[in-house]
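Enquirer: Predicted structure and sequence below. I'll ask about it afterward.
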Amino acid sequence: MTSPAPLRDQAGASIPTAPDVVSAHLVTANPSGRSVSAVTVARPGGSQRRAFEKRYPSPRHGHRAYRTWRQLETVDFGPAAGVPAIAGWDPQRNTIRSWPADGTPLDALPDGRLERAAEAAAGWLAALHTAPLRLRRSFRLRHELENAGLWARRVGIACPSQRDAVQALHEGLCAVAGGLSPWTACAIHKDFRPDHVLVGQRLVVVDFDEMRMGDPAFDVAHFCVYLRLAALRRRGALDGLARVERAFRDRYARESARPLGPAAGAFAAYTCLKVAKQLALHTGVHPRPVGRARDAELRAVLAHGQCCLAGEAW
């Protein structure tokens, strides 16, 4: 077997591959040390199979992700939904291998399939929130507000024309959040968004690195803000997929049987700040607009955040 060319992260450091890897292609890498590679692995009898390998910056991060993923495999998401199957865990390389989950990201589906897919995504999320999982990390509101402050400053530096708007949103978020006591009794995904929902023969959700105990309203608000971003790009208006969002929220409400509470608006505004940071720094969901297109999206997202704080979107 010929060894694949060494993979390298964004800093140029070599990413080690397992001995059974026939070929490898680096899909994503970020400065934190996480990377995802698409690999072809040799199997007994001479056959080969595609897989994905996610590498973590330390054994602590890798073990935590592996434990979380294993717990998710025990959740009953229904006969047509779930999570990617783990193919192996390599503690020496801090790497989790998983078999591919075939499907199309929810935000890339044609219009005719969006509503039903959003309902199925809501069912997956309700199953997660009602499952008896226990994770070691918990949502810490103060820490998240500090992060939001960093994001606001980065947006102001990268996009000076939006400095006042982003600072006003952050200040408004802090004012509202000061009176909240988020619920932390269930497992949340914390990065639940349309492009992390793959729709094929089964609905599969990916990317569990941020999971922790927290308020279920966070996941619902987070998903809806990113769905609004998809609507802006697809229809030219943040409310362009209102029926899809309503279907998602209605299905979630039926299956979770728990009201979202007053924190939802604050969590949506927080997510707007996160999206603003990603737009300003050219990260986040593809496509990543530049120039006037980026500025227009940024203005729309910041304005939506203010609407969320005012209770106009929740």
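Expert: Here it is on my side, so go on.

Enquirer: Show the contacting residues for residue 90.
Expert: 18, 96-97 (CB atoms under 8 Å, 6 or more residues apart in numbering). Every residue, glycine included, has its C-beta placed from N, CA and C.

Enquirer: Restricted to strands, list these.
Expert: Using DSSP state E, the subset of the contacts of residue 90 located in strands is 96-97.

Enquirer: For the contacts of residue 90, which ChimeraX command selects only the ones that are buried?
Expert: Buried members of those, defined by 16 or more other CB atoms under 10 Å, are picked up in ChimeraX with:
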select :18,96,97
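
Enquirer: Need the contacts of residue 90 in a markdown table (columns: pLDDT).
Expert: A markdown table is the format used below for the contacts of residue 90 (pLDDT from 0 to 100):
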| residue | pLDDT |
| --- | --- |
| 18 | 84 |
| 96 | 97 |
| 97 | 97 |
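
Enquirer: ok, so of the contacts of residue 90, who is nearest residue 194?
Expert: For the contacts of residue 90, the residue nearest residue 194 by CB to CB is residue 96; the value is 23.2 Å.

Enquirer: What separation is there between that closest one and residue 83?
Expert: Distance from residue 96 to residue 83, counting by CB to CB, to the nearest Å: 12 Å.

Enquirer: okay, and the common contacts of the two?
Expert: Taking CB under 8 Å, 6+ apart as the contact rule, residue 96 and residue 83 both touch residue 69.

Enquirer: so is the residue of the chain most remote from its centre in a helix, a strand, or just coil?
Expert: Distance to the chain centre peaks in the chain at residue 45, reaching 37.7 Å (criterion: CA atoms, centre = their mean). Under DSSP: H, G, I helix; E, B strand; the rest coil, residue 45 falls in the helix class.

Enquirer: Quick check, pLDDT for it.
Expert: Looking at residue 45, its pLDDT stands at 86.

Enquirer: likewise residue 17?
Expert: The model's pLDDT for residue 17 equals 79.

Enquirer: so which helix or strand takes in the closest residue to it other than its chain neighbours?
Expert: Spatial nearest neighbour of residue 17, chain neighbours left out: residue 24 (5.3 Å); criterion: CB to CB, 6 or more residues apart in numbering. Using DSSP states H and E, residue 24 sits within strand 21-29.

Enquirer: Show me what that strand is packed up against.
Expert: Helices and strands touching strand 21-29, by 3 or more CB pairs under 8 Å, 6 or more residues apart in numbering; DSSP states H and E, are strand 7-8, strand 35-42, strand 48-55.

Enquirer: Three-state assignment for the spatially most central residue of the chain, please.
Expert: Centroid-nearest residue in the chain, with CA atoms, centre = their mean: residue 191, separated by 2.8 Å. Look at residue 191: counting by three-state DSSP, its state is coil.

Enquirer: Okay, and the closest residue to it other than its chain neighbours sits in which element?
Expert: Leaving out its chain neighbours, the residue that sits closest to residue 191 by CB to CB, 6+ apart is residue 210, at 4.7 Å. Taking DSSP H and E as the definition, residue 210 sits outside all helices and strands.

Enquirer: Ramachandran angles for residue 210?
Expert: Backbone torsions of residue 210, given as degrees, to the nearest 10, read phi -100, psi 0.

Enquirer: What is the neighbour count of it?
Expert: Counted by other CB atoms under 10 Å, the residues lying close to residue 210 total 15.

Enquirer: picking that back up, out of the helices and strands packed on strand 21-29, the one nearest residue 29 is which?
Expert: So among those, strand 35-42 is nearest, using CB to CB, at 4.0 Å.

Enquirer: Next, the buried residues of the closest one.
Expert: For strand 35-42, by 16+ other CB under 10 Å, it's 35-37, 39, 41.

Enquirer: That one to strand 21-29, inter-axis angle?
Expert: Counting by axes from the mean of the first three to the mean of the last three CA atoms, to 10 degrees, strand 35-42 points 160 degrees away from the direction of strand 21-29.

Enquirer: which residue ranges form the strands in this structure?
Expert: Under DSSP E, the chain gives strands at 7-8, 14-15, 21-29, 35-42, 48-55, 81-82, 86-90, 95-98, 104-105, 186-188, 197-199, 203-205, 212-214.

Enquirer: Need the ones you listed in TSV (columns: distance to residue 233).
Expert: Putting the strands of the chain into TSV (distance: least, CB to CB, whole Å) gives the following:
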stretch	distance to residue 233
strand 7-8	31
strand 14-15	32
strand 21-29	21
strand 35-42	24
strand 48-55	26
strand 81-82	26
strand 86-90	33
strand 95-98	29
strand 104-105	13
strand 186-188	26
strand 197-199	17
strand 203-205	21
strand 212-214	28
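
Enquirer: Which of those strands sits closest to residue 116?
Expert: Nearest of the strands of the chain to residue 116, taken as CB to CB: strand 197-199 at 8.9 Å.
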